[in-house]
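*Asks:* mind folding the following:
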Amino acid sequence: MIRLENLTKIFETRDGTAVAADHINMNVPEGEICILLGPSGCGKTTTLKMINRLVPPTSGKVFIGNQDTSSYDTIALRRGIGYVIQQIGLFPNMTVAENIGVVPHMLGWDRRRIKQRVEELLEMVTLDPAVFMTRFPKELSGGQQQRIGVARALAADPPVLLMDEPFGAIDPINRAIIQDEFLKMQQKLGKTILFVSHDIDEAVKMGDKVAIFNAGKLEQFDTPDNVLAHPVSDFIADFVGRDRTLKRLPLASVADAMDANPPCVSADDPVQKAAGLMAESGYVDLAVVDAAGKVQGVMSGGPAAARQGVCRDHCCEIKASVTRLDDLRTVVSLMFANELTWLACVDEHGRYQGCITLTGITRFLGQTYRDLEREE
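*Replies:* Numbering: from 1, shown residues only. So this is what the prediction gives:
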């Protein structure tokens, strides 16, 4: 856990003083990632650096695990906090293994323990120890160097990790890969992480909490979904973008917006039954399922009364399906790619669990705003 209480930094300038961080209050629970966002010069990096005293605070307190860090020796404090920066800062004259082992070596770990830890961390960041341990930083790509930077920050197993735009200099494809790998790693490690970024999409993807700064003040501190759905000011609304509703799609799952009990038919049901169910429910697509509940196809377009026979004769192949855990961004992408407005939701065995529609997604997203209006 990290708690900031009235954390303030005032810099002396030629013209007097400038407030870089103004009474910042924030509580990041253990095991969560908090993304610090805001325009350049807003105070987010200064706030991050005050936690490990790279920038000494003018006033206020920093607590890690309920312990006031002002009583800590500065060197001991920094060794107990992992720190990753965009420039990486690997020592060019050291091998990968030596770079990762810097802090454990300072802490007096023996060689065998350090080697074990280096191998473990390289595997964790998906780099083969046999290949990379003896390489030097100049022999690595930018993305590989960034992974080594993360591994080095984790070497002594610190409870807290500070990251200052760690993936900002990496190309978009590798950046997305490293973000995904980092989130998988975080699921296993459960570190408490403060992460400076300038990218709202990165914040939405990676953050349990988002802290948005404006001119040295903490303007809003909340979950990514609440920041997008309920910006507290015009500044926040402008910062997260006019497409903030679309940015919420990755944060919600199929389970949030699906119909878990839509009508369906079997392959042997008469077409007229499907027509009746469509008219009654308002659906123009119905799943066709077998006796085990597995989806066999879809009846689409509202079969006319003149159609004869059974549903098997008129159903179409399912172009795409989703699971309850898929996010709504994936759903919308599948719908657009296949020119659909309806998708079947299935379990791992292909059994029908319900359906999700473009109308249902729109209704789900709009409900947030209607609820907010009623609260006001």
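
*Asks:* ok, the residue lying closest to V103 once chain neighbours are set aside - contacts?
*Replies:* Take V103 and drop its neighbours on the chain: the residue closest to it by C-beta to C-beta, 6 or more residues apart in numbering is A156, 4.6 Å away. No exception for glycine: its C-beta is placed from N, CA and C like everyone else's. By C-beta atoms under 8 Å, 6 or more residues apart in numbering, the contact list for A156 reads R79, G80, G82, V103, P104, L107.

*Asks:* could you redo the last one with a cut-off of 6 Å?
*Replies:* V103, P104, L107 (C-beta atoms under 6 Å, 6 or more residues apart in numbering).

*Asks:* could you identify the buried members of those residues?
*Replies:* Neighbour counting over the contacts of A156 (16 or more other C-beta atoms under 10 Å) leaves V103, P104 as the buried ones.

*Asks:* how about JSON lines for the contacts of A156, with secondary structure added?
*Replies:* As requested, these are exported to JSON lines (DSSP: H, G, I helix; E, B strand; the rest coil):
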{"residue": "V103", "secondary structure": "helix"}
{"residue": "P104", "secondary structure": "helix"}
{"residue": "L107", "secondary structure": "coil"}
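
*Asks:* in CSV: the contacts of A156, plus pLDDT.
*Replies:* Conversion of these to CSV gives the following (pLDDT from 0 to 100):
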residue, pLDDT
V103, 90
P104, 92
L107, 89
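
*Asks:* pick the one among the contacts of A156 closest to L36.
*Replies:* In terms of C-beta to C-beta, no member of the contacts of A156 lies closer to L36 than V103, at 23.6 Å.

*Asks:* that closest one contacts A153, correct?
*Replies:* No. Applying C-beta atoms under 6 Å as the test, V103 and A153 come out as separate, 8.6 Å apart.

*Asks:* ok so, going back, got the confidence number for the residue nearest to V103?
*Replies:* As predicted, A156 sits at a pLDDT of 90.

*Asks:* now it: how far from N27?
*Replies:* To N27, A156 is 25 Å away according to C-beta to C-beta, to the nearest Å.

*Asks:* gap between L36 and C311?
*Replies:* From L36 over to C311 (counting by C-beta to C-beta), the distance is 55 Å.

*Asks:* neighbour count for these two, which is higher?
*Replies:* Shown here are L36 and C311; by other C-beta atoms under 10 Å, L36 has more neighbours (30 against 25).

*Asks:* which residue sits closest to P263, ignoring its sequence neighbours?
*Replies:* Distances taken as C-beta to C-beta, 6+ apart place L277 nearest to P263, at 4.2 Å, with adjacent residues excluded.

*Asks:* for the one you found, pull up the helix or strand it's in.
*Replies:* helix 271-281 (DSSP states H and E).

*Asks:* cool, and K188?
*Replies:* Using DSSP H and E, K188 falls in helix 172-189.

*Asks:* give me the buried positions along that helix.
*Replies:* By 16+ other C-beta under 10 Å, the buried positions in helix 172-189 come out as N174, R175, I177, I178, Q179, F182, M185, Q186.

*Asks:* same check, this time on stretch 72-79
*Replies:* Y72, L77, R78, R79.

*Asks:* for stretch 346-364, same thing?
*Replies:* V346, G350, Y352, Q353, G354, C355, I356, T357, L358, G360, I361, F364.

*Asks:* for those, work out which two are farthest apart.
*Replies:* Greatest spatial distance among these (C-beta to C-beta): G350 and F364, at 24.9 Å.

*Asks:* what about the stretch 51-200 of the chain, any weak spots by pLDDT?
*Replies:* The stretch 51-200 of the chain contains residues with pLDDT under 70 at 87-88.

*Asks:* quick one: the strands in it, in order.
*Replies:* Secondary structure of the stretch 51-200 of the chain (DSSP state E, counting those that start in this stretch): strands at 59-64, 67-68, 81-85, 160-164, 192-196.

*Asks:* share the number of residues neighbouring I114, please.
*Replies:* 20.

*Asks:* wait, what's in contact with it?
*Replies:* G101, P104.

*Asks:* R248 - how many residues pack around it?
*Replies:* Counted with other C-beta under 10 Å, residues neighbouring R248 total 22.

*Asks:* let me know the pLDDT of it.
*Replies:* The predicted local confidence for R248 is 90.

*Asks:* do A306 as well
*Replies:* 48.

*Asks:* thinking again about what came up before, between the strands of the stretch 51-200 of the chain, which one is closest to V232.
*Replies:* Closest to V232 of the strands of the stretch 51-200 of the chain is strand 192-196 (C-beta to C-beta; 20.7 Å).
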